[in-house]
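Enquirer: I'd like to go over a predicted model; first the sequence, then the structure.
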Protein chains: 4
Amino acid sequence: MSRQNKPIRSDIAYSMPDKLVVRGFDLPKELIGVLNVGDFAWLQLTGSKPTTEQSRMFNAILVTLAEHGITPSALVARMTYLGAPEALQAAVAAGLCGLGSTFVGSTEGVARMLYEALPPGQPAGEDLRAKARAIVEGYRARREHLPGFGHPVHKPVDPRTTRLFHVAEECRFAGDYVRLIQRVAEEAEKSFGRPLTLNATGAIGAICCELGFKWQIVRGLGVMARAVGLVGHILEESVQPMAGEIWLRAEEEASAHLRNPGC
Amino acid sequence: MSRQNKPIRSDIAYSMPDKLVVRGFDLPKELIGVLNVGDFAWLQLTGSKPTTEQSRMFNAILVTLAEHGITPSALVARMTYLGAPEALQAAVAAGLCGLGSTFVGSTEGVARMLYEALPPGQPAGEDLRAKARAIVEGYRARREHLPGFGHPVHKPVDPRTTRLFHVAEECRFAGDYVRLIQRVAEEAEKSFGRPLTLNATGAIGAICCELGFKWQIVRGLGVMARAVGLVGHILEESVQPMAGEIWLRAEEEASAHLRNPGC
Amino acid sequence: MSRQNKPIRSDIAYSMPDKLVVRGFDLPKELIGVLNVGDFAWLQLTGSKPTTEQSRMFNAILVTLAEHGITPSALVARMTYLGAPEALQAAVAAGLCGLGSTFVGSTEGVARMLYEALPPGQPAGEDLRAKARAIVEGYRARREHLPGFGHPVHKPVDPRTTRLFHVAEECRFAGDYVRLIQRVAEEAEKSFGRPLTLNATGAIGAICCELGFKWQIVRGLGVMARAVGLVGHILEESVQPMAGEIWLRAEEEASAHLRNPGC
Amino acid sequence: MSRQNKPIRSDIAYSMPDKLVVRGFDLPKELIGVLNVGDFAWLQLTGSKPTTEQSRMFNAILVTLAEHGITPSALVARMTYLGAPEALQAAVAAGLCGLGSTFVGSTEGVARMLYEALPPGQPAGEDLRAKARAIVEGYRARREHLPGFGHPVHKPVDPRTTRLFHVAEECRFAGDYVRLIQRVAEEAEKSFGRPLTLNATGAIGAICCELGFKWQIVRGLGVMARAVGLVGHILEESVQPMAGEIWLRAEEEASAHLRNPGC
């Protein structure tokens, strides 16, 4: 029982009676009324204010991830709000819980895949195509889903991908990681014999590598962005509800065979 | 059992194979790479892009709410990440669950209080001070905590409040609701015989009324903003952890009397 | 800044290398393999093992609250699982977030209402009917929904209520709080001129008062019980899914007017 | 866009005005007041009422997982309750979010590991020891943590493991999966040259295989059980709080170096 306490330490922020400092900046004087919240997010994650290009690229990613209509996470937030309208924060929280491996979390898988093929700080060399081919073959051999590819609606091209790569070009972030995921797309098309949509999470995973984010935190961009979208859905639900109707229909249909076994 | 289905409808967004539209704007062409995520949030909540003043004011609110150091919600996110590092979204969600009546949720209480005293669209008249006095007396009579007032650290003045009101002046949002909460502060000081800090949630509640947000959604601004801050805490926790140490210390101290009943 | 640390203390449990003690009982020797988990919950909440009657009554409440088919909370858990199948705990958590004022949380409102009319430890006197009438009149005057009454399906009688009161009779828990809620039902029927279903949450709120639970914790019984039900829904979803289909249908219908504005 | 609706269906429960049926049983008549909630959970997960042995074994698992003192998940629930005491369900939900790969979720890893070595329905043959050796060697070769082993407090023996295996013997569930995890423990000890604690999650993972649960749902037992424990912690927090004190201490210490950079 002779455990020694270890010190704990955070470098993010501190408060004094007349002062709040975040990442070394005086919050009221240097940040409030000065930064947009996307730039603040960059500061929070990196410790520095973004350059104009970083700001545009990073906000472009967040805007892409914020809203996608009636998704499972929007439905979850709306149904939770139906049960607990007094706890809006819990409705947003519930909606975020599902941003896992199936949807938004795939940005993480893309970033990890690209970092493993091309570790940060290491020159890419001439072999991006060979690396891309190795990635595709590896996933096929392990019968795993290639993260960042495929979309139920956006076929054959996800218009967000096109736009994000365009912004990346303009902001000078279309480097080796972007080229690598594009090579992966080409090799996958050859290997599968049909076009695969390089979806927005694929583009974002690659650009996050360009921006230098650890793969472990990439999913976090989707989480913070989607919180914005979910608040909008809850606001709409409060005046134009759908959760109750979806529930009643589902309940009725799902148990009809139990209620009327003869039918 | 002859329930008729009711139609369901959302006006936020829709997708086509080559197109995504959010609030009437083509997402890839008109929003990605164009708007910062704070302005996108305004669009998501109001249906229109913000003016320059609305953008500055709204982003100022979000930046104020995003980060406040080692708060209970940051500790919750860090401790959840300790147990489930593979589910970052659940750690953010857990951290948001506590943004209720005690902390960030008080913005909602302020907005509601001000709207009840001064319904939207109704002229304030000459009687802001009388309304303020009635508010203070009402809360004292019901022995309820006056929302938006008091702070354990920032005394007697919360520097965020000063700054937010300054930005509101510059952006021409220092109208009747801002004046009313300031009158409430003066009347409360007279009534209690000591200065009460008008804290940041008090200022934000009032400015949200100026911006026209329904009180039911005001808490949502804190929720979306804090999601940004929590991702930053999880990133720091992943390289400089504190959750495990806090846990072990708490466990040891809290149950010492059971473990060593003689002491 | 001269804050003095205050001690922290928990009396629930402690561990030693060869021992775990919960509420004073040796967990491996005296609880595991001895108690069912419902009786353990009673021990956890009260500090004592239940009597036979307390065990039967308390487990009856938990069984009542555990499962109610395709509810919003079941749909939330299933949709969250669709997005993050690797984080089952987050799917259950999301499902629980909506157990607020609209559904299961109404047990809390009932218990609070009854305790306010009849504070614990105070003799009920002859006037249960007068108290019941005052309750009904108060809610009508404040235009508030009377907690514990009404049900969309179970009309005019909720069969769970009948059964719970029957078990309460058998277990000798049909005391003043049960009688009071029954008087409230009668007075409400007179006042509204039509039968109102005394639903299961009404019965449970009253019985929780008989069992001596603080009203602040009554909602917790529904939360722990529903966690059981939600795990069952996730298991079914993993082999016989509905979340994806419900999502696609909702998305299609809700945005059809945007996609085809001419129709 | 010519998607055909697919039917949705649930076989868990249905309601009629005067009737509720769960898993084929009349809820009020056959389950409420008859089953304890642990046996109900078995019914919910398997579709049948448990035998006496199944009931004892299954409840033993749930009781083991319900409570472990001041854990990260208990601290998370308490800190969330501090911020949102009006939303107890969200505090429990937040506490559950961290039951991931590090703690309770390891039961899942154990069950998966054992099922992969010994697929259900396949005779174990004489080679349990060889299978155990292959498991240990595989984990060492991949440098992965062997799930179900190690404990910071319970060394060298976790008393819950001993007890659970004893109950499994008595209930005739000490079959090949229990023997296999015990062989794994022996082989790991040989391989690492020191005793490794076979912890409670290791024992539970093995017994869940004996009981026939899919590995994908095993984590769910910990989730439902821990919900019970967390409600108890919230109840204690409401009368004997620790969350605020832990927060203030952590905040003060973690940012002291920022506040007083000279020290």
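Expert: Noted; the coordinates are in hand. Here the structure is a predicted model, which is why all the values come from computation and not from measurement.
Enquirer: and residue A:9, helix, strand or coil?
Expert: Taking DSSP: H, G, I helix; E, B strand; the rest coil as the rule, one finds residue A:9 in the coil state.
Enquirer: give the contact list for the closest residue to it other than its chain neighbours.
Expert: Across the structure, with Cβ to Cβ, 6 or more residues apart in numbering or on different chains as the measure, the residue nearest residue A:9 apart from its sequence neighbours is residue D:254 (5.5 Å). The way it works is simple: take the backbone N, C-alpha and C, and place the C-beta from them, glycine included. Counting by Cβ atoms under 8 Å, 6 or more residues apart in numbering or on different chains, residue D:254 touches A:8-10, B:69-70, B:242.
Enquirer: Top of these by number of neighbours, please.
Expert: With neighbours defined as other Cβ atoms under 10 Å in any protein chain shown, the most crowded of the contacts of residue D:254 is residue B:70; it has 27 neighbours.
Enquirer: What's the local residue count around the residue lying closest to that residue once chain neighbours are set aside?
Expert: If you skip the residues right next to it in sequence, residue B:70 has residue D:251 as its closest partner in space, 4.2 Å away by Cβ to Cβ, 6+ apart. Burial of residue D:251 is recorded as 23 neighbouring residues (other Cβ under 10 Å).
Enquirer: circling back to that earlier point, gap between the residue nearest to residue A:9 and residue D:123?
Expert: 56 Å (Cβ to Cβ, to the nearest Å).
Enquirer: again with residue A:14
Expert: 64 Å.
Enquirer: between the two, who's got more neighbours?
Expert: The residue with the greater number of neighbours, taking residue A:14 and residue D:123 and applying other Cβ under 10 Å, is residue A:14; the counts read 23 against 7.
Enquirer: That one in helix, strand or coil?
Expert: strand.
Enquirer: Nearest residue to it in space, ignoring adjacent ones along the chain?
Expert: In space, and not counting its chain neighbours, residue A:14 is closest to residue D:255: 3.7 Å by Cβ to Cβ, 6+ apart.
Enquirer: That neighbour reaches residue A:13, doesn't it?
Expert: Yes. Checked against Cβ atoms under 8 Å, the pair residue D:255 and residue A:13 is within contact range at 7.1 Å.
Enquirer: For these two, list the residues in contact with both.
Expert: Residues touching both residue D:255 and residue A:13 comprise residue B:69, with contact defined as Cβ under 8 Å, 6+ apart.
Enquirer: out of these two, which sits in the more crowded spot?
Expert: In this view residue D:255 and residue A:13 are compared by other Cβ under 10 Å, and residue A:13 has more residues nearby, 27 against 22.
Enquirer: ok, the more buried one to residue D:79 distance?
Expert: In this structure, residue A:13 and residue D:79 are 18 Å apart, going by Cβ to Cβ.
Enquirer: repeat for residue A:157
Expert: Applying Cβ to Cβ, one obtains 46 Å for the distance of residue A:157 from residue D:79.
Enquirer: Which one's more surrounded, these two?
Expert: Relative neighbour count places residue D:79 above the other of residue A:157 and residue D:79, with 29 against 15, counting by other Cβ under 10 Å.
Enquirer: The more buried one: what's it in contact with?
Expert: Under the criterion of Cβ under 8 Å, 6+ apart, the contact partners of residue D:79 comprise B:72-73, B:75-76, B:79, B:98, D:243, D:246-247.
Enquirer: Likewise for residue A:19?
Expert: With contact set as Cβ under 8 Å, 6+ apart, residue A:19 has these partners: A:26, B:159.
Enquirer: Show me what it is bridged to.
Expert: residue A:16 (DSSP bridges).
Enquirer: Can you give me the pLDDT of it?
Expert: Among the per-residue scores, residue A:19 shows a pLDDT of 93.
Enquirer: does residue A:68 sit in a helix, a strand or a coil?
Expert: Following three-state DSSP, we place residue A:68 in the coil state.
Enquirer: quick one: it and residue B:14 touch, right?
Expert: No. Judged on Cβ under 8 Å, residue A:68 makes no contact with residue B:14 at a distance of 9.9 Å.
Enquirer: and the closest residue to residue A:208 other than its chain neighbours, how many residues sit next to it?
Expert: On the basis of Cβ to Cβ, 6+ apart, the spatially nearest residue to residue A:208 that is not a chain neighbour turns out to be residue A:218, at 4.7 Å. By the criterion of other Cβ under 10 Å, residue A:218 has 28 neighbours.
Enquirer: Am I right that residue A:218 sits in a helix?
Expert: Yes. With three-state DSSP as the criterion, residue A:218 is part of a helix.
Enquirer: hang on, the earlier thing: narrow the contacts of residue D:79 to those in helices?
Expert: The helices in this structure, assigned by DSSP state H, contain B:72-73, B:75-76, B:79, D:243, D:246-247 from the contacts of residue D:79.
Enquirer: near chain C at all, whichever strand or helix holds residue A:59?
Expert: With the criterion set as DSSP states H and E, the secondary-structure element containing residue A:59 is helix A:52-66. No. No part of helix A:52-66 sits near chain C under the criterion Cβ under 8 Å from any Cβ of the partner chain; the closest distance found is 13.8 Å.
Enquirer: Could you list every helix and strand that that helix packs against?
Expert: In terms of contacts (3 or more Cβ pairs under 8 Å, 6 or more residues apart in numbering or on different chains; DSSP states H and E), helix A:52-66 is packed against helix A:37-46, helix A:159-170, helix A:200-211, helix A:215-239, helix B:37-46.
Enquirer: what about 10 Å?
Expert: Contact partners of helix A:52-66 among helices and strands, from 3 or more Cβ pairs under 10 Å, 6 or more residues apart in numbering or on different chains; DSSP states H and E: helix A:37-46, helix A:159-170, helix A:200-211, helix A:215-239, strand B:19-22, helix B:37-46.
Enquirer: Residue A:108 is nearest to which of these?
Expert: Distances from residue A:108 to each of these were compared by Cβ to Cβ, and the smallest falls on helix A:215-239, at 4.3 Å.
Enquirer: Now do the buried residues in that closest one.
Expert: With burial defined by 16 or more other Cβ atoms under 10 Å in any protein chain shown, the residues of helix A:215-239 counted as buried are A:215-237.
Enquirer: now that helix: mean pLDDT?
Expert: Summarised as a single mean, pLDDT over helix A:215-239 is 97.
Enquirer: Done for today, thanks.
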